[in-house]
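# What shape does this take:
(2 chains)
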There are 2 protein chains.
Amino acid sequence: MFPYGWKVDQVKLSPLEDAVDPEALRRVLDGRWEPVRQAARRRMRELGPPAGEPGDVEAQRVRVLEELRRLAEEGYPRQGFPKEYGGEGDIGGSVISFEMLGLGDLSLLVKAGVQWGLFGGAIQALGTERHHRRHLKAVMDLELLGCFAMTESGHGSDVARLRTTATYEAGEFVIHTPVENARKDYIGNAARDGRMAVVFAQLIVNGESHGVHALLVPIRDERGRPCPGVRIEDCGHKGGLNGVDNGRLYFDHVRVPREALLNRFGDVDAEGAYSSPIDTPARRFFTMLGTLIRGRVSIAGGAGSASKTALALAVRYGEARRQFERPGTGAEVPILDYLAHQRKLLPALATTYALHFAQEELVTALHDIHGAVLDDRDDDGAEGHGAEGHGVEDWRQRELESRAAGLKAIATWHATHTIQTCREACGGAGYLTANRLPRLKADTDVFTTFEGDNTVLLQLVAKGLLTRFQHDVDDLGTLGLARFVAEQFAGALIERTAARSTIARLLTARGEPSEADLLDRAWQLQAFEDREKHVLEGLARRLRRAAGGDADPFEVFNDAQDHVLRAARVHVDRIVLEAFVAALDRCDEGAAGLLGRVCDLYVLSTIEADRAWFLEHGRLSPATAKALVDTVNQLCKLLRPHARTLVDGFAIPERLLDVPIVQYDDPTD
Amino acid sequence: MFPYGWKVDQVKLSPLEDAVDPEALRRVLDGRWEPVRQAARRRMRELGPPAGEPGDVEAQRVRVLEELRRLAEEGYPRQGFPKEYGGEGDIGGSVISFEMLGLGDLSLLVKAGVQWGLFGGAIQALGTERHHRRHLKAVMDLELLGCFAMTESGHGSDVARLRTTATYEAGEFVIHTPVENARKDYIGNAARDGRMAVVFAQLIVNGESHGVHALLVPIRDERGRPCPGVRIEDCGHKGGLNGVDNGRLYFDHVRVPREALLNRFGDVDAEGAYSSPIDTPARRFFTMLGTLIRGRVSIAGGAGSASKTALALAVRYGEARRQFERPGTGAEVPILDYLAHQRKLLPALATTYALHFAQEELVTALHDIHGAVLDDRDDDGAEGHGAEGHGVEDWRQRELESRAAGLKAIATWHATHTIQTCREACGGAGYLTANRLPRLKADTDVFTTFEGDNTVLLQLVAKGLLTRFQHDVDDLGTLGLARFVAEQFAGALIERTAARSTIARLLTARGEPSEADLLDRAWQLQAFEDREKHVLEGLARRLRRAAGGDADPFEVFNDAQDHVLRAARVHVDRIVLEAFVAALDRCDEGAAGLLGRVCDLYVLSTIEADRAWFLEHGRLSPATAKALVDTVNQLCKLLRPHARTLVDGFAIPERLLDVPIVQYDDPTD
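Residues are numbered from 1 along each chain as shown, chains lettered A, B, ... in the order given. This is a model prediction of the structure:
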């Protein structure tokens, strides 16, 4: 066992001396994508906050479609598409631009995501030249509005088992919804605006199923009427995002030409013979899903923007709002001076910073690994990530998928929690739609369960850790995974994803760790690494022990599910911290002092929330655990005067924050 | 220190053998108020779930007002008013009936609460015969719709400092809004329907302020136009509860007759002389607030109803919804079979049971202590609770206020958390308004910050515990409280509120506690009692230590605010557990086995969430803490087959659960 050791009764922090220019923070936050972010801020100033009452569904849909057209006209979608079809071929930039849409109306964010990310992205990633040439420009220009029709009422998380069929018959595919539960459900753009859908269906050729493939299926004609054989329903009013027209699609033996198959990973030739560069249906499907990872990355970014907006509003209110007199002074206390209020907002703010930096690393990895996708290469089929190689690139893709899944889960839950907290921190004012918070909460609420249910995603992350992204376990079910872990798990591998050299240097300088030094970055890194390693190895041991004999593999895994999810969480925590350390490494002195304390608060509030584990596993003594709680309090107090600076560092255009709550009256008025 | 001791490596639970009839659970839950609850279920079957799109504000306001009229016609409001004015004088029953409204449209619940609970309740509790005779029947019949105008934009939690003035001048009171921030804000019934308001204002007579008093002020004439000098604004669209017309009121030297003063606790005679049965303005105001406790109790009940509805929906969905194949069987797994899903829903379900029983105790206490209020006694002025006596009744009233505050905070946060979890547990389906969950979440969201902000309420509870409801600390500020604690705190007093004899018997039977027996009720009770005592005594020590010398009392309290809030929380936990034990004591054998396990899950999941404290304070060994986590898992597994029975025990009328999500298709369809 790694020797944390005890010590530490009390940490004494001295206040940060100098005020920091928010502009210095903005530069660190903007990082590599600064020009993209600045351009996006200009766009968001134009677009403004969501308008109208969120309940008026039709009016909102009309407005959001208009805004989508504005985005198309100014060329917003080009960034994410290949140059040869009029795009700019900048994946990372496109994800960042999307993230920044999240500062405004989240219905617009999701509608743009459906149209260009999911619908256009699927044509791009799963189709070949014939589809690209024919459709991509129309997709960008909004001449063709489309849907991403994967989820069915009966299968959302387990999409490999969805039941819509695409049966090859006489040169055509017949798309069919065999049972009620196989209708496509919650499909964006379906209820009102979409003309075409990328439909995911079990591909059946000569009676043989080849697993899930995607096909382009027209759903409405030029005049907006459903195509023959297509039935469309409206999902109706939702908890939020009512500017997006979610609907249901039913297909009754709808025929589409052979070329409608998005055939990058599987094709049927004119003679009716099926071929694919990938052997097994399961692996083929996971490869397809892997190319669609951008959606998941984008949602994590959008969630971050919403968290930032909520915190900016709550911190401003917390500084202006006063309640209860400070004894003996006659003056009322700004509510952000209360420890309980700081405890609500400041750890959430620190975590928002941390997740921002982790998201930045993720977008960079996506950009670097997937960049090649945008160089169209229909001729060489499915080369590159995932299709063939068992080598380095394959491993990198798997790691990328795992990080995208993990960060999406943690970032969206963080948004739900943070926006809820901010709403409560603003009391009755926070409940008024005019002050944006209720709508931020309602609109982002579904982020935790769409684009992959968070619990399912974390499970995916943990399985990846257990198998260390080994190539051949993709199509193992629970049974195979249980056997794999029992036979092959060889210890947790801590693969640093960011700031490798800095971290190595810090750890070397610290040397033999012997006592807890809560504010020592090296101790913090060790604590997160050690926890990850221990939890994962403990999980493997537990599964190995339980999987013996004729144990039911479902029961074995299910009984340990809390442990499985915990392994994923602590893994993500470590990746997030490393990203924060990398960001500290590159920021100038002006910001470094303040951001270092923000990083401390992120780390220590994370450990505090999980300190039962550290106590149970002899990583913290009771005395140190108590000192840690006290240090979190001190950090809150120390950062309180800088709270406004920290939210100003997000550089959210004022127009988006121009709501009654922040024009809060002077108490003497 | 109380010797918990170590031991316990593993607990092995055997499954519950017999199925339990939900009807047996219903009887235990309904308890003393069974006839009221059954009548309310019939009413709720009639009323049905909320109709219409929640965003259409005017349509909803119209519909909710219509439903309010239906309630008035069938005599719903009578229960809570005195017999001599046509009421039934049944306070407890009226609170229970109100709670049951929470199974339906929460806008109707809140509108009814504003009209009869707050507006009517204030006239009843703060007024005297002249007001009762003149208004109560009209309030019940809805001939007079009214507002409870206490909160101002600038003062919500600290209402003692609100700034609207009522100045006595030549036989009249002049009501005035001196600054923008003193406008009455978020006032229900103000934007559209109210004709009169109970306005809380600083009473000024001959230039002397006597603190906050309430006056009846007409705000609209017969035709619905604002009265002269009254300006009314609409708060507009809110996060939820859009069937309630919240608004703002400004008064510009509005004159009302002397008799408009609700004069039970303070009066001005025809000669312009002020008199009150209570000496100090602060104590007078707290006494007034104390009589209005019913609103706070009612909100906790309404939150419980919403939690129950959400759980009933999520459990039904969790049983019907299947996802991912069980290896080797070809069958898909109901999602409630997954441990992670059980962990989301079942501890929340257990806590909902626990809070139900605690709420039941609270309503009983309210009924018994406040019952006398309904015997009109204008002639003897302010006799009874709070006005004069320093004796037992005063102490009981203070304890009642403390419990109402604590339970309101815990129950409403529980509702927010539980409904959020249920929404997520239902994935995309949970985001559709047709499935009720989004609206349940949005409508109850403000419960945590209205009728007393939860954080402020818990602080109130903790101060009560520190001063043990001593009469004369009401008007101590922070300074006085710090001194009081430093000088007089003599150790935590664990005053059992329920099942006193049962608990005493259990503890005696257990004898000297020496080892942790997680499933032993006596151990559980000891654990909660001991934690409360230790936290509170630790807090007192900490304050005493810090308050020495010339310490700033604000800083002393503020630095310990997390500790203060924790003291309140663990106190409420203990009260809740005792109520659960009392309920187990009175339930028949059929339900006792199952409910006992539900109680175990409540206790152990509560300790699990706080086990860092138990570890830090030597109350649990690391091994026992791990065994506890494992036992929570086992309890989830054990209760899973009974989950449906447990939600059916709430006996929510089917019509309220008749939404698409629970008619979930057979997976073979």
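# CA atoms for contacts and neighbours, from now on please.
Fine.
# Low-confidence bits of chain A, can you list those?
Low-confidence regions of chain A, defined here as pLDDT under 70, cover residues A:1-10, A:55, A:372-393, A:469-477, A:511-515, A:662-669.
# how about 50 then?
Low-confidence segments of chain A, defined by pLDDT under 50: A:1-6, A:374-391.
# So which residues of it form strands?
Secondary structure of chain A, counting by DSSP state E: strands at A:146-149, A:165-169, A:172-176, A:184-187, A:196-205, A:208-218, A:230-234, A:247-251, A:254-257, A:267-268, A:274-275, A:322-325, A:332-334.
# Count residues in the vicinity of the spatially closest residue to A:Val598 that is not a sequence neighbour, would you?
Distances taken as C-alpha to C-alpha, 6 or more residues apart in numbering or on different chains put A:Ala350 closest to A:Val598, at 5.3 Å, once the chain neighbours are dropped. Neighbour count for A:Ala350, taken as other C-alpha atoms under 10 Å in any protein chain shown: 23.
# For A:Ala350, which residues are in contact?
For A:Ala350, the contact set (C-alpha atoms under 8 Å, 6 or more residues apart in numbering or on different chains) comprises A:Val598, A:Cys599, A:Leu601, A:Tyr602.
# Buried only: go through these for me.
Members of these that pass the buried threshold by neighbour count (16 or more other C-alpha atoms under 10 Å in any protein chain shown) are listed as A:Val598, A:Cys599, A:Leu601, A:Tyr602.
# so who does the first one touch?
Same thing as A:Val598. Contacts were defined as C-alpha under 8 Å, 6+ apart; by that measure A:Val598 touches A:Ala350, A:Tyr353, A:Leu639.
# Which one of these is nearest to chain B?
Set against chain B, the nearest of the contacts of A:Val598 by C-alpha to the nearest C-alpha is A:Leu639 (14.5 Å).
# count of neighbours near that closest one?
Each residue near A:Leu639 was counted by other C-alpha under 10 Å, and the total is 22.
# Please apply the same query to the one 3 residues further on.
Taking other C-alpha under 10 Å as the neighbour definition, A:His642 ends up with a count of 17.
# ok, and the closest non-adjacent residue to it?
Looking at A:His642 with C-alpha to C-alpha, 6+ apart, the closest residue is A:Ala19, at 7.5 Å.
# where does the one you found sit relative to chain B, distance-wise?
23 Å (C-alpha to the nearest C-alpha, to the nearest Å).
# near chain B, which residues of the stretch 251-400 of chain A?
Proximity of the stretch 251-400 of chain A to chain B, by C-alpha under 8 Å from any C-alpha of the partner chain, involves residues A:Arg321, A:Arg322, A:Gln323, A:Phe324, A:Arg326, A:Pro327, A:Tyr338, A:Leu339, A:Ala340.
# The same query, at a cut-off of 10 Å, please.
Counting by C-alpha under 10 Å from any C-alpha of the partner chain, the positions of the stretch 251-400 of chain A adjacent to chain B are A:321-328, A:333, A:337-341, A:343.
# Just the buried ones out of those residues, please.
Of the members of those, the ones counted as buried by neighbours, 16+ other C-alpha under 10 Å, are A:321-327, A:333, A:337-341, A:343.
# Got the phi and psi for A:Ala651?
A:Ala651 adopts backbone torsions of phi 50, psi 50, taken as degrees, to the nearest 10.
# Tell me who's in contact with it.
Contacts here follow C-alpha atoms under 10 Å, 6 or more residues apart in numbering or on different chains; on that basis A:Ala651 touches A:22-23, A:25-27, A:29-30, A:37-38, A:41, A:308-309, A:312, A:645.
# neighbours around A:Gln488, how many?
Burial of A:Gln488 is recorded as 12 neighbouring residues (other C-alpha under 10 Å).
# Helices of the stretch 251-400 of chain A, residue ranges please.
In the stretch 251-400 of chain A, the segments counted as helices under DSSP state H, counting those that start in this stretch are A:281-291, A:293-320, A:339-370, A:392-425.
# just these: most buried one?
helix A:293-320 (a mean of 26; mean count of other C-alpha atoms under 10 Å in any protein chain shown).
# measure A:Gly276 to A:Met288 for me?
You called it Gly, but residue A:276 is Ser. In this structure, A:Ser276 and A:Met288 are separated by 12 Å, where distance is defined by C-alpha to C-alpha, to the nearest Å.
# Oh, that last question was meant for A:Arg597, not what I typed.
Distance of A:Arg597 to A:Met288, computed by C-alpha to C-alpha: 42 Å.
# same thing with A:Arg321?
With the distance defined as C-alpha to C-alpha, A:Arg321 ends up 51 Å from A:Met288.
# Let me see the ranges of the helices in the stretch 501-650 of chain A.
Secondary structure of the stretch 501-650 of chain A, counting by DSSP H, counting those that start in this stretch: helices at A:521-546, A:553-559, A:561-586, A:589-609, A:611-616, A:622-639, A:643-648.
# Out of those helices, the one nearest A:Ser153 is which?
Ranking the helices of the stretch 501-650 of chain A by distance to A:Ser153, with C-alpha to C-alpha as the measure, places helix A:553-559 first at 24.3 Å.
# Who are the packing partners of the closest one?
Judged by 3 or more C-alpha pairs under 10 Å, 6 or more residues apart in numbering or on different chains; DSSP states H and E, the packing partners of helix A:553-559 are helix A:478-488, helix A:521-546, helix A:561-586, helix B:339-370, helix B:622-639.
# Noted, bye for now.
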